[in-house]
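Undergrad: What shape does this take:
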Amino acid sequence: MTMKKNHSPQILSKRIAETIRNKLVAGELLPGQRLSEAALSEQLEISRNTLREVFRLLTQEGLLKHEPNRGVFVATPDIASIIDIYRVRQLIECQALAQAYSMHPGIAKMKQAVEAAQQCRKQQDWIGAGTENMHFHAAIVELTDSDRLIAFYHNISAELRLAFGILNNPELLYAPYIDKNAHILELLNSGKNEQAANTMKDYLELSERAILAAYTRKNNQVP
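TA: Modelled structure (predicted):
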């Protein structure tokens, strides 16, 4: 009983950290956004002390940043982080597509994400389309059947969504990739794994250039 009591605050902090991480992945929290300790602790029904521990964990992960006398803010990934994320994505996703087999359950999840994104497009729900895009790529990683890679990709998904948030125009970012995702799925379903992998490589390079260009424009703006 004593052990359970000692570990429960730590378990709660990890669970709440995962909740906030999921909010980042879903695009509910944006780069540079200030987080209200009072509002968030009330919303999550936790004490401020627990929330401060959660903030500490997420700051260590590079998802939040603390500014003295100003508070806690959602982090904005730097150029080095963005380049590194895309390098990792190419290594994992292209290889996953190249080696996938047609009956893998991850392919059904890719199809579900494509169809949901198409519905979001009809409703002009571009934040929703972005979330389905995240689901699509997570499903690709599931094709590896590697618990370690799946967990690793889950951990960088929040940072990836923050990189997307730099563009600050979800329609411009996500609209072109709905059809690109559908095309990659079609190639995979046709047994053209190598072509799907090569298409994904070009896709990721295009996406990376768009994010880096947006980052450069943002940093070159006159205050």
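Undergrad: Need the pLDDT of residue 2.
TA: With respect to pLDDT, residue 2 has a value of 37.
Undergrad: gap between the residue positioned nearest the centre of the chain and residue 120?
TA: Closest residue to the average C-alpha location of the chain: residue 157 at 2.9 Å, with C-alpha atoms, centre = their mean. In this view, residue 157 and residue 120 are 18 Å apart by C-beta to C-beta, to the nearest Å. C-betas here are computed from N, CA, C, even on glycine.
Undergrad: just to revisit the earlier point, the residue nearest to the centre of the chain: what's it in contact with?
TA: With contact set as C-beta atoms under 8 Å, 6 or more residues apart in numbering, residue 157 has these partners: 21, 25, 134, 138.
Undergrad: Residue 29 now?
TA: When contacts are counted by C-beta under 8 Å, 6+ apart, residue 29 touches 20, 23, 35, 74.
Undergrad: repeat for residue 104
TA: Counting by C-beta under 8 Å, 6+ apart, residue 104 touches 142-143, 145.
Undergrad: By neighbour count, which of the residues you listed wins?
TA: Counting neighbours by other C-beta atoms under 10 Å, residue 143 comes out on top of those with 26 neighbours.
Undergrad: can I assume that one is in contact with residue 97?
TA: Yes. Counting by C-beta atoms under 8 Å, residue 143 touches residue 97, with 6.9 Å between them.
Undergrad: List the buried residues of the helix or strand bottoming out on mean pLDDT in the chain.
TA: Every helix and strand in the chain was compared by mean pLDDT, DSSP states H and E; the lowest is helix 2-25, with a mean of 74. Residues of helix 2-25 classed as buried: 12-13, 16-17, 20-21, 24-25 (neighbour count, 16 or more other C-beta atoms under 10 Å).
Undergrad: what lines up beside whichever helix or strand comes after it in the sheet?
TA: Later in the chain than helix 2-25, the nearest helix or strand by DSSP states H and E is strand 34-35. Strand 34-35 pairs in its sheet with strand 71-74 (antiparallel), by DSSP bridges.
Undergrad: Same question for the strand it pairs with: list its buried residues.
TA: By neighbour count with 16+ other C-beta under 10 Å, strand 71-74 contains the buried residues 72-74.
Undergrad: Dump these to TSV, plus distance to residue 115.
TA: Output for the buried residues of strand 71-74, formatted as TSV (distance: C-beta to C-beta, whole Å):
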residue	distance to residue 115
72	37
73	36
74	30
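Undergrad: out of those residues, who's nearest residue 111?
TA: Distance ranking of the buried residues of strand 71-74 against residue 111, using C-beta to C-beta, places residue 74 first at 31.7 Å.
Undergrad: so that closest one makes contact with residue 63?
TA: Yes. At 7.3 Å, residue 74 and residue 63 qualify as touching, with contact defined as C-beta under 8 Å.
Undergrad: list residues touching both of those two?
TA: Common neighbours of residue 74 and residue 63, counting by C-beta under 8 Å, 6+ apart, are 24, 162.
Undergrad: re earlier: could you dump the buried residues of helix 2-25 to JSON lines with distance to residue 185?
TA: JSON lines is the format used below for these (distance: C-beta to C-beta, whole Å):
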{"residue": "12", "distance to residue 185": "39"}
{"residue": "13", "distance to residue 185": "38"}
{"residue": "16", "distance to residue 185": "35"}
{"residue": "17", "distance to residue 185": "32"}
{"residue": "20", "distance to residue 185": "31"}
{"residue": "21", "distance to residue 185": "27"}
{"residue": "24", "distance to residue 185": "26"}
{"residue": "25", "distance to residue 185": "21"}
